[in-house]
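K.L.:
I'll drop the sequence and a predicted model, then ask my questions.
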Amino acid sequence: MYSPMQFNTIIEPFRIKTVERIRLSSPEERENFLQNAHFNPFLLHSEEVIIDLLTDSGTSAMSSEQWAGILRGDESYAGASSWLRMEKAIQDLTGCPYVLPTHQGRAAEHLLYTRIGGPGKVFISNTHFDTTRANIEFSGATAIDCPIAENRDPSLLHPFKGNLDTQQLEENITRHGAENIAAVILTVTNNSGGGQPVSMANARAVAGICQRHGIRFILDACRIAENAWFIRHREPGFETQSYRDIAQQMFALADGCIMSAKKDALVNMGGFLALRDLDLAVQCRTVLIVTEGFSTYGGLSGRDMEAIAIGLSEVFEPDYLNYRIKSTAYLADKLHALGVPTMRPAGGHAVSVDARAFYPDIPLDQYPGQVIACELYRLGGIRCCEIGSVMFGKYDAEGRLIPAAMDLVRLAIPRRVYTQSHIDYVVEAFGELVRRRDQKTGYRIVYEPPFLRHFTARFAPVEG
Ligand code: F0G
């Protein structure tokens, strides 16, 4: 009797139809590029980069179906067929009747959080993404992060490290008063720590608490398909359910959602806000028309909306999601085997390296995460992002650095862009980084702007 062979190799479940050239720079060229960028990878030009792991946002490769949709895009100002397809795809997935298109996620955040926020209001989340926090604080409201304690320990294994701490949620509701809580926001997956998942049990518990207190419950759903993979494979009772069904169950718990389509809708630009409450939707829609565009396109072209409608279906294909999560874990496992300390277990869209543990001798005010980012670029032209004391550090009254809670370096994996050999190349660069691990000095900041300094700060090496 013929029995099918079981393969261990996770292949990319696509063929490559169009290619984009990667310019292979020499180490000498890269040293120059890095100096010109003031040792800040954000200031590098993309052509100077070989493997770009700065973000998974807006960097996906679109499918031939999506490109075909781009040609079909209906650019009518009002009531375009592409809009109707996008609206229906979102209504079917989220169960929310009122959909507002926006040019990206933060525009949707701005519409909603300025409406329901304002001075005296409080938002509670497993972790607010930085644009989420910025929009909330911009309205005059306060944003409080309540991740479970396990989230703060990089090496501790936990199946749903992205969960919200429900006890802390209850305490905050008592402290601030339910009437002052503008919303509870569950970010799935939880971007901090490289995309740690949230369990359905946690989402149900949060929804239950919100319902009891009459508090609005919003999902930040930009990586909800990846989150559904973790639920199916880690949470009892979901083994036989489809990824899309799992996502729909989570959406059903919430009063609305925000999504940056630049992640799990597999497009380069776009986003939306979807709500169940007509009154709130009408208020947000009024601002949408003033600031983004008419309510049937927001800030989007018809072709963008067409590609979103198709991407929202493709992202739930089992072969794609399996490849996606397993190829992120492939990188994490290889780094772990090399002895590189990472946030464990691997998340969905990224691997986070624990720079403090990697370079224990480099003082925190010399930014060990920045050292990893610069060294990886020098060694292999690999660009990644420091998520630590450069991004979140503050100063005390004497001008001394107050470091961030963790110094992580995020290797974010663009969707359907890099093959296993690209990832093997990254692993090889890390092998060399491990061999040169005895570094004791890092960088000092020689210029920084007052806000969001990581984007434009300039650095200089500290002489050892
Ligand atoms: N929410 C989360 C959880 C995000 O990760 C992002 C973007 C946004 C909202 C904002 O969406 O960029 O379309 O305006 N994250 C990107 C990243 C920038 O690199 O993680 P946007």
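P.N.:
Nice, I can see it.
K.L.:
Roughly how far does residue 374 sit from residue 334?
P.N.:
Residue 374 sits 22 Å away from residue 334, going by C-beta to C-beta, to the nearest Å. Using the backbone N, CA and C atoms, a C-beta is placed for each residue, glycine as well.
K.L.:
Show me which of those two is the more surrounded one.
P.N.:
residue 374 (21 against 18; other C-beta atoms under 10 Å).
K.L.:
I'd assumed residue 34 was in contact with the more buried one.
P.N.:
Yes. Counting by C-beta atoms under 8 Å, residue 374 touches residue 34, with 6.3 Å between them.
K.L.:
Between those two, which contacts overlap?
P.N.:
The contact sets of residue 374 and residue 34 do not overlap (C-beta atoms under 8 Å, 6 or more residues apart in numbering).
K.L.:
the longest strand in this structure is where?
P.N.:
Looking across the chain with DSSP state E, the single longest strand is strand 181-187.
K.L.:
ok, now which ones touch residue 231?
P.N.:
197, 199, 200, 238, 246.
K.L.:
So which of those residues are in strands?
P.N.:
Going by DSSP E, the strands hold none of the contacts of residue 231.
K.L.:
any idea which of these is closest to residue 351?
P.N.:
Closest to residue 351 out of those is residue 197 (14.5 Å), distances taken as C-beta to C-beta.
K.L.:
Let me know the helix or strand that the closest residue to that closest one other than its chain neighbours is in.
P.N.:
Nearest residue to residue 197, sequence neighbours excluded (C-beta to C-beta, 6 or more residues apart in numbering): residue 230, at 3.6 Å. Following DSSP states H and E, one finds residue 230 within helix 224-234.
K.L.:
got it, and residue 373?
P.N.:
Residue-wise, residue 373 maps onto helix 368-380 under DSSP H and E.
K.L.:
who are the neighbours in contact with residue 381?
P.N.:
24, 25, 30, 48, 49, 50, 51.
K.L.:
can you count the residues close to residue 207?
P.N.:
Neighbours around residue 207, by other C-beta under 10 Å: 19.
K.L.:
State the distance from the residue nearest to residue 197 to residue 205.
P.N.:
17 Å.
K.L.:
picking that back up, dump the contacts of residue 381 to JSON lines, plus distance to residue 296.
P.N.:
JSON lines is the format used below for the contacts of residue 381 (distance: C-beta to C-beta, whole Å):
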{"residue": "24", "distance to residue 296": "45"}
{"residue": "25", "distance to residue 296": "45"}
{"residue": "30", "distance to residue 296": "47"}
{"residue": "48", "distance to residue 296": "40"}
{"residue": "49", "distance to residue 296": "37"}
{"residue": "50", "distance to residue 296": "41"}
{"residue": "51", "distance to residue 296": "39"}
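K.L.:
taking the residues you listed one by one, which sit in strands?
P.N.:
Using DSSP E, these in strands are residue 51.
K.L.:
The helix or strand following the helix holding residue 373 - contacts with which helices or strands?
P.N.:
Where DSSP H and E defines the elements, the next helix or strand beyond helix 368-380 is strand 382-383. Helices and strands touching strand 382-383, by 3 or more C-beta pairs under 8 Å, 6 or more residues apart in numbering; DSSP states H and E, are strand 51-52, helix 368-380.
K.L.:
looking at the ones you listed, which is buried most?
P.N.:
Of those, the one with the most neighbours on average (mean count of other C-beta atoms under 10 Å) is helix 368-380, at a mean of 25.
K.L.:
Tell me the gap between that one and the middle of its chain.
P.N.:
Computed by C-alpha atoms, centre = their mean, to the nearest Å, the chain-centroid distance of helix 368-380 equals 21 Å.
K.L.:
then it to CSV, C-alphas only?
P.N.:
Only the C-alpha atoms of helix 368-380 are listed here, as CSV (Å, rounded to 0.1, in the frame of the first residue of the first chain):
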residue,chain,number,x,y,z
PRO,A,368,23.3,47.2,23.5
GLY,A,369,20.3,46.9,21.1
GLN,A,370,21.8,49.6,18.8
VAL,A,371,25.1,47.6,18.8
ILE,A,372,23.3,44.5,17.5
ALA,A,373,21.5,46.5,14.9
CYS,A,374,24.7,48.1,13.6
GLU,A,375,26.8,44.9,13.8
LEU,A,376,24.2,42.9,11.8
TYR,A,377,24.2,45.6,9.2
ARG,A,378,28.0,45.6,9.0
LEU,A,379,28.2,41.8,8.8
GLY,A,380,25.4,41.1,6.3
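K.L.:
for it, packing partners?
P.N.:
By 3+ C-beta pairs under 8 Å, 6+ apart, helix 368-380 packs against helix 27-36, helix 355-358, strand 382-383, strand 385-387, helix 389-392, strand 408-412, helix 420-435, strand 443-447.
K.L.:
which residues does the residue of the stretch 351-464 of the chain found nearest the ligand contact?
P.N.:
Residue nearest to the ligand within the stretch 351-464 of the chain: residue 412 (6.2 Å; C-beta to the nearest ligand atom). Applying C-beta under 8 Å, 6+ apart to residue 412 gives the contacts 53, 54, 55, 56, 57, 194, 349, 350, 384, 385.
K.L.:
how about 6 Å then?
P.N.:
Counting by C-beta atoms under 6 Å, 6 or more residues apart in numbering, residue 412 makes contact with 53, 55, 56, 349, 350.
K.L.:
Give me the neighbour count for the third one.
P.N.:
Neighbouring residues of residue 56 were enumerated by other C-beta under 10 Å; the total is 28.
K.L.:
Buried residues, the helix holding residue 230. List them.
P.N.:
Residues 224, 225, 226, 227, 228, 229, 230, 231, 232 are the ones in helix 224-234 that count as buried (16 or more other C-beta atoms under 10 Å).
K.L.:
try stretch 326-337
P.N.:
By neighbour count on 16+ other C-beta under 10 Å, the buried set for stretch 326-337 is 327, 328, 329, 330, 331, 332, 333, 334, 335, 336.
K.L.:
Stretch 145-155 vs the ligand: in contact?
P.N.:
No. Stretch 145-155 lies apart from the ligand when judged by C-beta under 6 Å from any ligand atom; the minimum separation is 12.6 Å.
K.L.:
and the spatially most central residue of the chain, what does it touch?
P.N.:
Of all residues in the chain, the one closest to the mean position by C-alpha atoms, centre = their mean is residue 191, 4.6 Å from it. When contacts are counted by C-beta under 6 Å, 6+ apart, residue 191 touches residue 129.
K.L.:
Repeat that for residue 344.
P.N.:
Here residue 344 is in contact with 155, 157 (C-beta under 6 Å, 6+ apart).
K.L.:
Quick check: the residue nearest to the centre of the chain vs the ligand, distance?
P.N.:
In this structure, residue 191 and the ligand are 4 Å apart, going by C-beta to the nearest ligand atom, to the nearest Å.
K.L.:
which of the residues in the host helix or strand of residue 82 are buried?
P.N.:
Taking DSSP H and E as the criterion, residue 82 maps to helix 81-94. For helix 81-94, a neighbour-count test (16+ other C-beta under 10 Å) marks 82, 83, 85, 86, 87, 89, 90, 93, 94 as buried.
K.L.:
now, the most widely separated pair of those?
P.N.:
82 and 94 (18.4 Å).
K.L.:
Now the element after the helix holding residue 82, going C-ward?
P.N.:
Next along the chain after helix 81-94, with elements defined by DSSP H and E, is strand 98-102.
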